[in-house]
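Asker: Quick one: sequence plus predicted model below, questions after.
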Amino acid sequence: MSRAVSSWRVAVVGAGLAGLVCARELSAAGVQTVLFEKSQGPGGRCATRPSAAGPFDHGAWSFQAASPAFGAQLERWHGQGMIVPRSEGWVAQPGMNRLPGELSQGLSLVTQCEIAALERAGGRWRLRAHSPWPEGLDPSFDAVVVAVPAEQALPLVTPSPALAEPLRNVRSLACWTVMAAWPAPLPLKADLEDDGHPVLALARRADTLPGRPRVPGIGCRWVLHAGNYWSGHNLDAPPEDVTRRLLAALQERSGLRLARPVHAAAHRWRYAEVLEPLGEPCGWDPELRLGACGDAWHAEPGARGLERAWQSARAVARAILEPA
């Protein structure tokens, strides 16, 4: 790392896996880094929803590695007790939000602060938020990394054609998710995988994973993921309608007559998955000191969204710390 970079103050926008990894890499190298997140806490799709019926991992479900580097990282997280191996891949314990909770430790994290614009002045960046700017926090930074879905990143990186042009070609697919609980276990022997059903793509039992708590009066908890096509065509449907349709689809696919759940809630992931990511490892404009990372980048064969987010975050951090 050059002496100039070591004196920089860097903003990372978005505290999903990509933003957390990028911020940790920069902070570990001694770069002053501030991480901004619009939600109440970090994690993005590495999410666990609490409820009276117990917690639901309603976003990303597990980790798989296509590259030796990410495989080694998963082994390290396993050694730290954060994830455990299962037949479907590595799963976090006691919930998916354990990982972002651990990764955010020691970072300068500002939550409930959605960045609205990046303004260039005097060779530095000034950040503007949709809400009042946090009191006492300097909004000026030497460099910015945008670690949010491509559609949300595009308006922020428009000062750099080198970043904006490729991101214009990225499309994220949506996914509606329903979290439901019943007083007794459902007579399903296994999770339901994608079989081409027009509505329900996946159904996964949530309460039998390692470390998940048992809740009195709750016999099982399930997470239902709608298919991307159906989700995209019902993006603005009322959540209660989505819940009814996915529960009906679970009956259709399982062949069971289901009792009414004691808990049911729907969540819309507007930017759930990128099927055609960009080939570049990340986006970095050294002249403007503006970068981008996330699952829209690093199209390594076989790599899924979480691995691409991790890979691209490390790549943009290296681009900053080790300029050519």
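Answerer: Cool, got the structure. Numbering: from 1, shown residues only.
Asker: Which pLDDT value does the model give the residue lying closest to residue 120 once chain neighbours are set aside?
Answerer: Spatial nearest neighbour of residue 120, chain neighbours left out: residue 159 (5.9 Å); criterion: C-beta to C-beta, 6 or more residues apart in numbering. Placement of C-beta: from N, CA and C, glycine included. Here the pLDDT value assigned to residue 159 is 97.
Asker: Kindly report the same for residue 84.
Answerer: 96.
Asker: Which strands border the helix or strand hosting it, and is each parallel or antiparallel?
Answerer: If you go by DSSP states H and E, residue 84 is part of strand 83-86. Strand 83-86 has the following strand partners under DSSP bridges: strand 89-92 (antiparallel).
Asker: CA-only coordinates of the partner strand in CSV, if you can.
Answerer: Only the C-alpha atoms of strand 89-92 are listed here, as CSV (Å, rounded to 0.1, in the frame of the first residue of the first chain):
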residue,chain,number,x,y,z
GLY,A,89,-23.5,-26.5,1.4
TRP,A,90,-22.3,-24.6,4.4
VAL,A,91,-24.9,-23.0,6.6
ALA,A,92,-24.5,-20.4,9.3
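Asker: Give me the distance from the strand holding residue 84 to the chain's centre.
Answerer: 19 Å (C-alpha atoms, centre = their mean, to the nearest Å).
Asker: From residue 117, how far out is the residue nearest to residue 120?
Answerer: In this view, residue 159 and residue 117 are 10 Å apart by C-beta to C-beta, to the nearest Å.
Asker: ok so, going back, my guess is the residue nearest to residue 120 contacts residue 287, does it?
Answerer: No: under the criterion of C-beta atoms under 8 Å, residue 159 makes no contact with residue 287, lying 10.4 Å away.
Asker: Of the two, give the one with the bigger neighbour count.
Answerer: residue 159 (16 against 7; other C-beta atoms under 10 Å).
Asker: hang on, the earlier thing: the residue nearest to residue 120: what's it in contact with?
Answerer: 118, 120, 288, 290 (C-beta atoms under 8 Å, 6 or more residues apart in numbering).
Asker: Show me which positions of the least confident helix or strand in the chain by mean pLDDT end up buried.
Answerer: Among the helices and strands of the chain, helix 3-6 carries the lowest confidence by mean pLDDT, DSSP states H and E, at a mean of 78. Buried residues in helix 3-6, counted by 16 or more other C-beta atoms under 10 Å: residue 5.
Asker: Contacts made by stretch 266-278 with the rest, please.
Answerer: 45, 49, 58-59, 149-152, 166-167, 169-179, 228, 231, 235, 239-240, 242-243, 246, 295-299, 305, 308.
Asker: mind running it again at 7 Å?
Answerer: Stretch 266-278 is touched from outside by 45, 49, 58-59, 149, 151, 166, 170, 172-178, 228, 239, 242-243, 295-299, 305, 308, with contacts defined as C-beta atoms under 7 Å, 6 or more residues apart in numbering.
Asker: ditto for stretch 49-63
Answerer: Stretch 49-63 has contacts (C-beta under 7 Å, 6+ apart) with 45-48, 74, 83, 86, 88-91, 95-96, 177, 179, 181, 204, 206-207, 212-213, 215, 218, 221, 223, 262-263, 265, 267, 269, 306.
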